[in-house]
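Colleague: coords below, sequence missing:
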């Protein structure tokens, strides 16, 4: 019996996408065109047609997007039909690597290094190789880009020609040894190792191709070569592969995403059906007119033009500020006026091209007492949270020197640097009697915690870790910040409750996975009564009633001159398009005639993007005489 899938909620193009169930399908979904709704209905329709839910796989890019997709599908599928697997690419990789660890030749209890872990390791390696002047973040970026392209360290080394590339190759070799010694994978390994597993094991590949009969890939324009290969292998041989995306929103080439994969999909799959979702349900006609005018100047794109049946809406507000402080006050004052007129603070976003722009904005918001939060401070990055998780990870994977070191020094245990080095090297005989006793106490704690993690529900294991490690006691005795930090530890226990129904230690593994793979958006509390300040990149996938796009100046947004060989002018234009299409009702654009950068004040020109928007769509704004802010003439 077919499911009661309400196709009346879909427009004609969305229905075409839902009803095409066999063979490759490309859904080009414009901003706000209801792609999540379309995928959810397609999955539900497949189940109604007799495809078992467990044979459907849907992959997206953030935990937030995966959670939203899961809820949409759950609301459509009646009880008793089960739920398909909905996961991010990285979470899928972790799941497969743990399941098939024996075939891959590594231990199941591997640790996942986050960016901070990788940078720490690279800093140590650079110093040991005598090239401490190199920036670890830059080296990590080079390694990450290469891995995203499917390259191993040895393959990279063979092609290294310049001094810089040869230097990266040396560091990469040592970095891989460090990962191996600590039984750890970094973010990029979760994808590359998954691909190598699929390519290298006929057994695993056949099993997984049989496990999933229909594969969906969301945000396809953001996939890199490795992710694309994984998707194609899993969907073979029937190629029931549905990819959904919008080339006009490809803004992550610096992370290795390759828009050509989407542009060439119909060439790779000549039998593919293509559906264009062009009806926008989010924004006003005014906002869409501006967005279309911006993106239509790009050449490398699949032609489409968003339209909407929404109202015309209000004009776009344009403010030319004297300087960055004047701009910040305009934004803060306008946000306050919006709130006073009934707009909820959490329905307002302030976007900027670079993180440094937030300082002046924060000062203005603070001075005017406008509630705000800056996206980017993640819960799992807080010290006390990382300390507790370090104990858990060290208990599961004692080879992880990073976690053992952090756990041993999280609170005062009398384990100093020299003792720590000897302990990590396994040279216990070289320790004094007093030092040996302290090390033995610490290792006893890890052993007890390992037993707890393997036998207790996730939340109880976290509670035990906080207590037995001494972290909870130390925070209670901290009269300054201890109370607030203790609340964060308690919140970690609350988060772990979600995994209590899993057989130990799977629940803890899932919690550690979520902690390692969390994105900025996953930290966004949509119920918080505060204006959101964030980069345009971080805003991807979000929407708000009112959006401020600041810093619209040549050299800032677009980031560099359009004729500069190191800058992709089309990606800068796509980034502005993404910024505009975050808004439902109101858009405020601003630029400053001068801005403080690198300690000096620079004179600027308005962004070329402003010239592409029909002046009839915009109205200029003015501020009254400055009140308390400091204006530099």
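Modeller: Received the coordinates, thanks. Here the structure is a predicted model, which is why all the values come from computation and not from measurement.
Colleague: residue 608 touches residue 556, doesn't it?
Modeller: No: the pair residue 608 / residue 556 is not scored as a contact, 11.7 Å apart, by CB atoms under 8 Å. The way it works is simple: take the backbone N, C-alpha and C, and place the C-beta from them, glycine included.
Colleague: so these two - more neighbours on which side?
Modeller: Neighbour count, other CB atoms under 10 Å: between residue 608 and residue 556, residue 556 has more, with 22 against 18.
Colleague: quick one: pLDDT of that one?
Modeller: The model reports residue 556 with a pLDDT of 94.
Colleague: for the residue lying closest to it once chain neighbours are set aside, give me phi and psi.
Modeller: Leaving out its chain neighbours, the residue that sits closest to residue 556 by CB to CB, 6 or more residues apart in numbering is residue 353, at 5.6 Å. Torsion angles at residue 353 (phi, psi; degrees, to the nearest 10) stand at phi -80, psi -40.
Colleague: quick thing: my sequence starts at 8, can you match it?
Modeller: Fine by me, first position is 8 from now on; the one you just mentioned is residue 360.
Colleague: wait, residue 360 sits on residue 562?
Modeller: No: distance between residue 360 and residue 562: 10.0 Å, which falls outside the contact criterion (CB under 8 Å).
Colleague: ok, the two, which is more surrounded?
Modeller: More crowded of residue 360 and residue 562, by other CB under 10 Å: residue 360, with 23 against 16.
Colleague: list the contacts of that one.
Modeller: Each residue near residue 360 by CB atoms under 8 Å, 6 or more residues apart in numbering is listed here: 542, 543, 558, 563, 564, 566, 582.
Colleague: swap in 7 Å and give it another go.
Modeller: 542, 543, 558, 563, 564, 566 (CB atoms under 7 Å, 6 or more residues apart in numbering).
Colleague: the third one should be in a strand, yeah?
Modeller: No: residue state for residue 558 (DSSP: H, G, I helix; E, B strand; the rest coil) corresponds to coil; a strand is not indicated.
Colleague: surely it touches residue 364?
Modeller: Yes: counting by CB atoms under 7 Å, residue 364 is a contact partner of residue 558 at 5.4 Å.
Colleague: so the residue of the chain positioned farthest from its centre versus residue 186, what's the distance?
Modeller: Relative to the mean C-alpha coordinate of the chain, counting by CA atoms, centre = their mean, the farthest residue is residue 440 (47.3 Å). Note on residue 440: its distance to residue 186, by CB to CB, to the nearest Å, is 35 Å.
Colleague: then residue 444?
Modeller: 32 Å.
Colleague: for this protein, which helix is longest?
Modeller: Longest helix of the chain, by residue count under DSSP state H: helix 440-462.
Colleague: helices and strands around that helix, which ones?
Modeller: Secondary-structure packing of helix 440-462 (3 or more CB pairs under 7 Å, 6 or more residues apart in numbering; DSSP states H and E): helix 390-403, helix 424-431, helix 465-475.
Colleague: please repeat the previous calculation with a cut-off of 6 Å.
Modeller: The contact analysis (3 or more CB pairs under 6 Å, 6 or more residues apart in numbering; DSSP states H and E) places helix 440-462 against helix 390-403, helix 465-475.
Colleague: tell me which of the ones you listed lies nearest to residue 129.
Modeller: helix 390-403 (18.4 Å; CB to CB).
Colleague: now that closest one against helix 465-475, angle please.
Modeller: 100 degrees (axes from the mean of the first three to the mean of the last three CA atoms, to 10 degrees).
Colleague: let me see the mean pLDDT of helix 390-403.
Modeller: Here the average pLDDT along helix 390-403 is 96.
Colleague: poorly predicted segments of this protein, please.
Modeller: 8-15, 383-385, 527-534, 568-573, 605, 631-640 (pLDDT under 70).
Colleague: the strand ranked longest in it pairs with which strands, parallel or anti?
Modeller: Using DSSP state E, we find that the single longest strand of the chain is strand 590-604. Paired with strand 590-604 in the same sheet, following DSSP bridges, are strand 323-330 (parallel), strand 551-556 (parallel), strand 607-610 (antiparallel).
Colleague: ok, residues contacting the longest one?
Modeller: By that I understand strand 323-330. Residues from elsewhere that reach strand 323-330 (CB atoms under 6 Å, 6 or more residues apart in numbering): 334, 337, 594-597, 599-601, 624-625, 627-628, 639.
Colleague: go ahead and measure how far that strand is from the middle of the chain.
Modeller: The offset between the C-alpha centroid of strand 323-330 and the centroid of the whole chain comes to 31 Å, using CA atoms, centre = their mean, to the nearest Å.
Colleague: buried set for it?
Modeller: 323, 324, 325, 326, 327, 328, 330 (16 or more other CB atoms under 10 Å).
Colleague: related to what we said a few turns ago, indicate which one of the helices and strands packed on helix 440-462 is closest to residue 482.
Modeller: Closest among the helices and strands packed on helix 440-462, using CB to CB: helix 390-403, at 6.5 Å.
Colleague: which helices and strands does the closest one pack with?
Modeller: Going by 3+ CB pairs under 6 Å, 6+ apart, helix 390-403 lies up against helix 408-416, helix 440-462, helix 465-475, helix 489-503.
Colleague: how about a markdown table for those, with distance to residue 286 added?
Modeller: A markdown table is the format used below for the helices and strands packed on helix 390-403 (distance: least, CB to CB, whole Å):
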| stretch | distance to residue 286 |
| --- | --- |
| helix 408-416 | 49 |
| helix 440-462 | 50 |
| helix 465-475 | 43 |
| helix 489-503 | 38 |
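Colleague: what's the closest of those to residue 35?
Modeller: helix 489-503 (36.7 Å).
Colleague: pull out the buried positions in that closest one.
Modeller: 492, 493, 495, 496, 499, 500, 502, 503.
Colleague: please tell me how far the fourth one sits from residue 312.
Modeller: Read that as residue 496. 51 Å.
Colleague: can you pull up the most central residue in the chain?
Modeller: The centre of the chain sits closest to residue 526, judged by CA atoms, centre = their mean, with a distance of 3.5 Å.
Colleague: for that residue, give its distance to residue 98.
Modeller: 11 Å.
Colleague: then residue 367?
Modeller: Using CB to CB, residue 367 is found at 37 Å from residue 98.
Colleague: between these two, who's got more neighbours?
Modeller: For the pair residue 367 and residue 98, the greater number of neighbours falls to residue 367 (24 against 21), based on other CB under 10 Å.
Colleague: what helices or strands is the helix or strand containing residue 133 leaning on?
Modeller: Assessed by DSSP states H and E, residue 133 sits inside helix 122-135. Contacts defined by 3+ CB pairs under 6 Å, 6+ apart place helix 122-135 against helix 143-155, helix 170-188.
Colleague: going by neighbour count, which residues of that helix are buried?
Modeller: For helix 122-135, burial by neighbour count (16+ other CB under 10 Å) applies to 124, 125, 126, 127, 128, 129, 130, 131, 132, 133.
Colleague: in a helix, residue 380, correct?
Modeller: No: Residue 380: not assigned to a helix; according to three-state DSSP it is strand.
Colleague: and it, what does it touch?
Modeller: residue 537.
Colleague: distance of it relative to residue 149?
Modeller: In terms of CB to CB, residue 380 sits 33 Å off from residue 149.
Colleague: equivalent analysis for residue 463, please.
Modeller: Shown here: residue 463 relative to residue 149, a distance of 42 Å by CB to CB.
Colleague: next one: residue 608
Modeller: Taking CB to CB, one finds residue 608 at 34 Å from residue 149.
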